[in-house]
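[1] Provided below are the primary sequence and the corresponding predicted coordinates.
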Amino acid sequence: MERRALSADQNILMTHLVVWLLSLASGIVLGLRLFTKWLRAQQLWSDDGFLVVSWIVVIFYSAITSLELALGAGRRKTSSPQPGPSALLLLDNVARSLALTAAAWSKTSVACTLLRLQSPRMVRTALYSVVALVNIGIAGAAITHWLRCRPIAAGWGGGGGEGSCWDIDVQNILGLSAQAFSGAMDLVLVVVAWQVLWTKGLSVGEKAGVGASMALGVLASATSVVTGFQIFRLTDANFQPANLNVLLWASIEPNITIIITSAPTLRLLRAHASSSSHGHSSRGHQKLFSRDKIRVVRTDDSRTSPITVGAPIFRQHTGGG
């Protein structure tokens, strides 16, 4: 039986639903992370800050996407476009920048979380490099997208109808390269996280949780690459209907990354609920996140910091109490 393709209206509705449901899901997980830290009187860290800001950017992206769709994005034009500035093209520029920003800052949050764990100097150097490369590289991609036309306003039909832009094939190659780079950084973070966490003496259940998070990290990388190929397929003739896929896929990567980074902290919430129901567990039975405060490791050497702070996402089990 031949499968019928979705109509334009169905594709637009699906894009609305996917973008906002993903934003809602990541917001719920992030909210539970923050609630757990508040419940246990733990201070917020830089990774929490980057997560919150990333999610706010995701919400702005979702709103801009909905506005684009309301103004006619995703529908093939049956008549020649009217001369003058195009609100759709301007909004698309903004949406592209927001998607890249959310992806960069959510990755930065993952790196900041891993930097709080005891790890070799080489691993910390790799994480600092990822933070620098991600923010510089993706910021460069966002800026380049705005500078593709002279004057800049020509990118959305402004500038009095005068100006020139790079060939769309050049723009698409740059967009694909930016997304491929973003996906590669996701894989680097997956490898580093696996290397760091697998040496922490985790239980079988905890290793399963880490494995699930790593699988989601690979999925985030794959969605970034898919977004790049959707950008690469854009042409002047099919821009509006084909750009619908770009809007949808670009929302997936940052939301997945926010969920990956926020989910491990929920073990604290479960432990808190368990202790409230059954009382305090014995000291010999240690759990992940079993202490409110622990000593953290400095990021410049392997010595223990004299300052006690809120518990990190994972900690190593010890044989004692």
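    Yep, it's here.
[2] the closest residue to Leu216 other than its chain neighbours is in what secondary structure piece?
    Counting by Cβ to Cβ, 6 or more residues apart in numbering, Ile260 is the residue found nearest to Leu216 once chain neighbours are left out, at 5.0 Å. C-beta coordinates here come from the backbone N, C-alpha and C atoms, glycine included. Element membership for Ile260 (DSSP states H and E) is helix 252-262.
[3] what sits up against that helix?
    Contacts with helix 252-262, where a contact means Cβ atoms under 8 Å, 6 or more residues apart in numbering, come from 18, 22-23, 25-26, 29-30, 32-33, 47, 51, 54-55, 57-58, 99, 102-103, 106-107, 109-110, 113, 182, 186, 213, 216-217, 219-220, 223-224, 227.
[4] take the residues you listed and keep only those in helices.
    18, 22-23, 25-26, 29-30, 32-33, 47, 51, 54-55, 57-58, 99, 102-103, 106-107, 109-110, 113, 182, 186, 213, 216-217, 219-220, 223-224, 227 (DSSP state H).
[5] of those residues, buried ones?
    Buried subset of the ones in helices among the contacts of helix 252-262 (neighbour count, 16 or more other Cβ atoms under 10 Å): 18, 22-23, 26, 29-30, 32-33, 47, 51, 54-55, 57-58, 99, 102-103, 106-107, 109-110, 113, 182, 186, 213, 216-217, 220, 223-224, 227.
[6] which stretches of this protein have low pLDDT?
    Where the chain drops to pLDDT under 70, the residues are 1-5, 76-85, 118, 158-161, 201, 267-321.
[7] center of it, which residue is that?
    Closest residue to the average C-alpha location of the chain: Pro254 at 2.2 Å, with Cα atoms, centre = their mean.
[8] wait, what's in contact with the closest residue to that residue other than its chain neighbours?
    Excluding its sequence neighbours, the residue lying closest to Pro254 (Cβ to Cβ, 6+ apart) is Ala102, at 3.7 Å. By Cβ under 8 Å, 6+ apart, Ala102 lies in contact with 54-55, 57-58, 61, 254.
[9] would you map the strands across this structure?
    149-150, 164-165, 293-297, 304-310 (DSSP state E).
[10] any idea how far Ala220 is from Met185?
    10 Å (Cβ to Cβ, to the nearest Å).
[11] same check, this time on Phe181
    Per Cβ to Cβ, Phe181 is found 14 Å from Ala220.
[12] just Leu90 next, same as before
    28 Å.
[13] so what's the residue nearest to Gln195 when sequence neighbours are not counted up against?
    Nearest residue to Gln195 in three dimensions, chain neighbours excluded: Val123, at 6.6 Å (Cβ to Cβ, 6+ apart). Val123 makes contacts with 114, 192, 195-196, as judged by Cβ under 8 Å, 6+ apart.
[14] 10 Å instead, please
    By Cβ atoms under 10 Å, 6 or more residues apart in numbering, the contact set of Val123 is 114-115, 117, 192-193, 195-196.
[15] quick check: of the residues you listed, which has the highest neighbour count?
    Highest neighbour count within the contacts of Val123: Leu114, with 25 neighbours (other Cβ atoms under 10 Å).
[16] my read is that that residue contacts Ala193, right?
    Yes - assessed by Cβ atoms under 10 Å, Leu114 is found in contact with Ala193 at 5.9 Å.
[17] list the contacts for Ala212?
    Contact analysis of Ala212 by Cβ under 10 Å, 6+ apart lists 260, 263.
[18] Ala139 now?
    For Ala139, counting by Cβ under 10 Å, 6+ apart, the contacting residues are 97, 100-101, 104.
[19] how does it look with 6 Å?
    Listed by Cβ atoms under 6 Å, 6 or more residues apart in numbering, Ala139 has no contact partners.
[20] the helices in the stretch 101-250 of the chain, which residues?
    Shown for the stretch 101-250 of the chain, the helices assigned by DSSP state H, counting those that start in this stretch span residues 121-146, 168-197, 204-232, 239-250.
[21] for the last one, C-alpha coordinates in PDB please.
    Spelled out, it's helix 239-250. What follows is helix 239-250, C-alpha atoms only, in PDB (Å, rounded to 0.1, in the frame of the first residue of the first chain):
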ATOM      1  CA  PHE A 239      13.300  27.200   0.300                       C
ATOM      2  CA  GLN A 240      10.100  27.600   2.200                       C
ATOM      3  CA  PRO A 241       8.800  24.000   2.200                       C
ATOM      4  CA  ALA A 242      12.300  22.500   2.700                       C
ATOM      5  CA  ASN A 243      13.200  25.000   5.400                       C
ATOM      6  CA  LEU A 244      10.400  23.500   7.500                       C
ATOM      7  CA  ASN A 245      12.600  20.400   8.100                       C
ATOM      8  CA  VAL A 246      15.500  22.600   9.100                       C
ATOM      9  CA  LEU A 247      13.400  24.400  11.700                       C
ATOM     10  CA  LEU A 248      12.200  21.000  13.100                       C
ATOM     11  CA  TRP A 249      15.600  19.200  13.300                       C
ATOM     12  CA  ALA A 250      17.500  22.200  14.600                       C
END
